[in-house]
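Visitor: Whatever this is, show me its structure:
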Amino acid sequence: MYSRQKLYEGKAKIIYATDEPGVLLAYFKDDATAFNAQKRGEIVDKGRINCEISTHLFRLLEAKGIATHWIDSPGERQMRVRAVEITPLEVVVRNMAAGSLCRQTGLALGTPLKPPLVEFYFKNDALGDPLLTRDRLLIMGLATEEQLSQLIRLAKEINVILSGFFQQCGITLVDFKVEFGLDAQQHLLLADEISPDTCRLWNQSEADINRRILDKDRFRQDLGNVEQAYQQVLARILTHISQP
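Guide: Numbers count the residues shown, from 1 in each chain. So this is what the prediction gives:
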């Protein structure tokens, strides 16, 4: 299936070459990092869970007309993907105030944001992944005007689909981060992963502000039960993914 030639290893995945032109294989790791890798650890079985969650959510988005790099998932922790040139931007969509938005603005945790806020962060650990204004992004040549408009449109469409689906699962999608890449034809494809590593997810049946957390904030904040939270997200997705 793949040559075992490792092309790249990141914080959460290893990318391997395959024998198929334009196709790569992503292997999901159990490693966990936070605060630009200043905090490191391991979440047991995270790679398998995140790969399965991402597989189901990519399928859902593809069915709704969102083009992604996902091809299939041939085994646990493995995802075959189309080769893309990753745009050096993290696209963040916020439905409620949390995390850095609260710290930087003074907004109370959980404040609804209407309409949802779309933000761009420069993928650069040395600079601390800074928040970029539209003009800075364009001056830096990180995207064209057309690509920027497309990224905003796609981010909003993805938010509508994911928010509605997680609502069915009894989970509030507080915010999430997605990445995009350009394929050989220069088409923007949704890439990377969608999982509790990249989303803030709150259990709607839990009022306690700590116990409701079903995402990597449990790791960031040393809240414990991280694996159980990830498993609960997967279980709810499996329950609802085939429902209309």
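Visitor: Output stretch 83-96 as PDB, nothing but the C-alphas.
Guide: Listed next in PDB are the C-alpha coordinates belonging to stretch 83-96 (Å, rounded to 0.1, in the frame of the first residue of the first chain):
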ATOM      1  CA  ALA A  83      -1.400  15.200  -2.100                       C
ATOM      2  CA  VAL A  84      -1.800  18.900  -1.600                       C
ATOM      3  CA  GLU A  85       0.400  21.900  -0.900                       C
ATOM      4  CA  ILE A  86      -0.900  23.000   2.500                       C
ATOM      5  CA  THR A  87      -1.700  26.700   2.700                       C
ATOM      6  CA  PRO A  88       0.200  28.100   5.700                       C
ATOM      7  CA  LEU A  89      -3.000  29.300   7.300                       C
ATOM      8  CA  GLU A  90      -5.100  28.000  10.100                       C
ATOM      9  CA  VAL A  91      -8.700  29.000   9.400                       C
ATOM     10  CA  VAL A  92     -10.600  29.300  12.700                       C
ATOM     11  CA  VAL A  93     -14.400  29.500  13.000                       C
ATOM     12  CA  ARG A  94     -15.800  30.600  16.300                       C
ATOM     13  CA  ASN A  95     -19.500  30.200  17.200                       C
ATOM     14  CA  MET A  96     -18.900  31.100  20.900                       C
END
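Visitor: quick one: that stretch to chain centroid distance?
Guide: 8 Å (Cα atoms, centre = their mean, to the nearest Å).
Visitor: Could you do stretch 77-86 as well?
Guide: Worked out by Cα atoms, centre = their mean, stretch 77-86 lies 14 Å from the chain centre.
Visitor: In that stretch, which residues are buried?
Guide: Arg77, Gln78, Met79, Arg80, Val81, Arg82, Ala83, Val84 (16 or more other Cβ atoms under 10 Å). Glycine gets a C-beta too; all of them are placed from N, C-alpha and C.
Visitor: now the fourth one, nearest residue through space, not along the chain?
Guide: Leaving out its chain neighbours, the residue that sits closest to Arg80 by Cβ to Cβ, 6 or more residues apart in numbering is Ile71, at 4.2 Å.
Visitor: returning to what we had before: same list, the buried residues of stretch 77-86, but as CSV with secondary structure please.
Guide: Formatted as CSV, these follow (DSSP: H, G, I helix; E, B strand; the rest coil):
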residue, secondary structure
Arg77, coil
Gln78, strand
Met79, strand
Arg80, strand
Val81, strand
Arg82, strand
Ala83, coil
Val84, coil
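Visitor: from these, which single one is nearest Thr18?
Guide: In terms of Cβ to Cβ, no member of these lies closer to Thr18 than Arg80, at 7.1 Å.
Visitor: now the closest one: how far from Phe122?
Guide: For Arg80, the distance to Phe122 equals 29 Å [Cβ to Cβ, to the nearest Å].
Visitor: Which strands and helices lie in contact with the lengthiest helix in the chain?
Guide: Secondary structure of the chain per DSSP state H: the longest helix is helix 145-168. If contacts are counted by 3 or more Cβ pairs under 8 Å, 6 or more residues apart in numbering; DSSP states H and E, helix 145-168 sits against helix 46-63, strand 89-96, strand 112-122, helix 134-139, strand 171-182, strand 188-191.
Visitor: Quick check: Arg236 vs Gly41, distance?
Guide: Taking Cβ to Cβ, one finds Arg236 at 24 Å from Gly41.
Visitor: Looking only at neighbour counts, state which of these two leads.
Guide: Using other Cβ atoms under 10 Å as the criterion, Arg236 and Gly41 rank with Arg236 on top: 18 against 12.
Visitor: wait, isn't that one in contact with Ile171?
Guide: Yes: if you go by Cβ atoms under 8 Å, Arg236 and Ile171 touch, sitting 6.4 Å apart.
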